[in-house]
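Trainee: Give me coordinates for this.
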Amino acid sequence: MRILIYTYNYFPEPIGIAPLITELAEGLARRGHQVRVVTGMPNYPERQIYPAYRGKWYLTELTNQVAIQRSYIWIRPKPSLLDRLLLELSFVVTSFFHALKGKRPDIILLTAPPLPVALPAAFLGWIHRCPVVLNLQDILPDAAVHVGLLKNPKLIRIFEILEKFAYRTATKISVIADGFVDNLRSKGVPAQKIVQIPNWVDVNFIRPLPRENNEFRATYELKDKFVVLYSGNIALTQGLETVIEAAVHLRHIPDIAVVIVGEEKALERLQAWCNTCGATNVRLIPFQPRPKLPDMLSAADVGLVVQKRNVISFNMPSKIQVLLASGRAIIASVPANGTAAKAIQQSGGGSIIPPEDPAAMAEAILELYNNPAKAAIMGKKNREYAVENYAFEQALNRYEELFATLQKR
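Mentor: Okay, the predicted model is just below:
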């Protein structure tokens, strides 16, 4: 098949949806499909176009048998609402003209967010008379409204119209969690249009490694510590202040170290909060290169998943599968009725605690610190669950089968 993947994020961006879509594109290419990716200039998470890609309107690359068509985007490190709108508008316009350059695809896979990209994707599907699969990683505008990013009633209404347009014009909608299914069904999307394919993890790359002789522990002087690790995006849906305040409750135990790994500018904001709270037992560490990810995850005794209390059925952190595969216990400060809680409960290797509750988080950390055997059992369950349910080859098979079925129709 000739497969066109329309995505805002792609390699070499290190976190979020980019590594997942890169793995999917390259996996499909290895199976003999012609894969073309339409994307923007890489900029995440710094929100600055990477130096090698600056000053260019268009660029085409060939990486691991995948043709990558990049286009200019309007991006600012500290975006206002207007900047965010210009970002999405610029990508819609510039990417569409680039997408027209290439052979007719048999299938178009569109990732959302951003939601406005449904417009050029739908138009391409109409031009080429081919199916469009909408892959939902977050549900907009629900996510933007709940975290306070989108407040203007007129803008909310515009995004609601875009949402309905995206659902109506897509041939199929692939979602990553059962909570997403419920959300779409409540909005009138037919059940037969929805297919659930969870995000995946490369269980051969992300795997449990011994804590002894761990390079990450040695580099950051964590050799004899009980390490509680949060790694990933630091944005409006998380509320990492809860983690810092929980660390304050544990200052009397010098063996416990709370480690937050993230984008440097976000860490500066968290450092100010650490100074305010007196959280001397928190280590703030910049993102690690992807080859070092397994070693970093294995340095932890406990992995953290953190969400705010109003993040329920429109967000599913991609870090969950990664933490499960690393074979470490999980403490999830997430809404009990949300999609993240359900995924972690099913594994049997996680503790669910109320979101935005530092005392509850500190208590959960202390319980595993005092009971390392329990933490080890939880980690083993998580690893087994990841291998059985989130292995990459399983997801690749399901996407390939979905595309083949749509192509035959």
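Trainee: In contact with residue 351, which residues are there?
Mentor: When contacts are counted by C-beta atoms under 8 Å, 6 or more residues apart in numbering, residue 351 touches 329-332, 364, 367-368, 378. Glycine gets a C-beta too; all of them are placed from N, C-alpha and C.
Trainee: Okay, now the unreliable bits of the stretch 301-409 of the chain?
Mentor: Applying pLDDT under 70 to the stretch 301-409 of the chain flags the ranges 311-315.
Trainee: Which parts of it are strands?
Mentor: 302-306, 329-333, 350-353 (DSSP state E, counting those that start in this stretch).
Trainee: before we move on, what about the chain?
Mentor: 2-6, 34-40, 58-63, 66-71, 107-112, 132-136, 172-175, 194-196, 226-231, 256-262, 282-286, 302-306, 329-333, 350-353 (DSSP state E).
Trainee: relative orientation of the first one and strand 132-136 in degrees?
Mentor: In this case it means strand 2-6. Counting by axes from the mean of the first three to the mean of the last three C-alpha atoms, to 10 degrees, strand 2-6 lies at 40 degrees to strand 132-136.
Trainee: how far is strand 2-6 from where the chain is centred?
Mentor: Mean-position distance between strand 2-6 and its chain equals 20 Å (C-alpha atoms, centre = their mean, to the nearest Å).
Trainee: same deal with the shortest one?
Mentor: Offset of strand 194-196 from its chain centre (C-alpha atoms, centre = their mean): 18 Å.
Trainee: residues of that strand that come out buried?
Mentor: Counting neighbours by 16 or more other C-beta atoms under 10 Å, one finds that the buried residues in strand 194-196 are 194-195.
Trainee: which residues are contacting that strand?
Mentor: By C-beta under 8 Å, 6+ apart, the residues outside strand 194-196 that reach it are 172-178, 180-181, 184-185, 402.
Trainee: Need the buried ones from those selected in PyMOL.
Mentor: Applying 16+ other C-beta under 10 Å to those leaves a buried subset, and the PyMOL line that selects it is:
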select buried, resi 172+173+174+175+176+177+180+181+184+402
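Trainee: Count the residues that sit near residue 307.
Mentor: Close neighbours of residue 307, defined as other C-beta atoms under 10 Å, add up to 24.
Trainee: ugh, typo on my part, it should be residue 76
Mentor: Burial of residue 76 is recorded as 14 neighbouring residues (other C-beta under 10 Å).
Trainee: Would you confirm that it contacts residue 47?
Mentor: Yes - between residue 76 and residue 47 a contact is recorded at 6.6 Å, counting by C-beta atoms under 8 Å.
Trainee: Quick one: the strands of the chain as a markdown table, columns for distance to residue 383 too.
Mentor: Below are the strands of the chain laid out as a markdown table (distance: least, C-beta to C-beta, whole Å):
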| stretch | distance to residue 383 |
| --- | --- |
| strand 2-6 | 30 |
| strand 34-40 | 30 |
| strand 58-63 | 30 |
| strand 66-71 | 30 |
| strand 107-112 | 28 |
| strand 132-136 | 26 |
| strand 172-175 | 25 |
| strand 194-196 | 23 |
| strand 226-231 | 16 |
| strand 256-262 | 21 |
| strand 282-286 | 24 |
| strand 302-306 | 12 |
| strand 329-333 | 11 |
| strand 350-353 | 12 |
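Trainee: so which of the ones you listed comes closest to residue 153?
Mentor: Closest approach to residue 153 among those (C-beta to C-beta): strand 107-112, 22.0 Å.
Trainee: now the angle from the closest one to strand 132-136?
Mentor: 30 degrees.
Trainee: Could you export strand 107-112 as CSV, CA atoms only?
Mentor: What follows is strand 107-112, C-alpha atoms only, in CSV (Å, rounded to 0.1, in the frame of the first residue of the first chain):
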residue,chain,number,x,y,z
ILE,A,107,-4.7,5.4,2.8
ILE,A,108,-4.3,8.6,4.7
LEU,A,109,-3.5,8.4,8.5
LEU,A,110,-4.1,11.7,10.3
THR,A,111,-3.0,12.2,13.9
ALA,A,112,-4.8,14.7,16.1
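Trainee: now that strand against strand 34-40, angle please.
Mentor: Using the same axes, to 10 degrees: strand 107-112 against strand 34-40 is 30 degrees.
Trainee: Would you map the helices across the stretch 301-409 of the chain?
Mentor: Along the stretch 301-409 of the chain, counting by DSSP state H, counting those that start in this stretch, helices occupy 319-326, 339-347, 358-370, 372-389, 392-408.
Trainee: Mind checking the ones you listed for the one nearest to residue 110?
Mentor: Between residue 110 and these, the shortest separation by C-beta to C-beta is 13.0 Å, and it involves helix 392-408.
Trainee: So which elements touch that closest one?
Mentor: Counting by 3 or more C-beta pairs under 8 Å, 6 or more residues apart in numbering; DSSP states H and E, the packing neighbours recorded for helix 392-408 are helix 17-30, strand 107-112, strand 132-136, strand 172-175.
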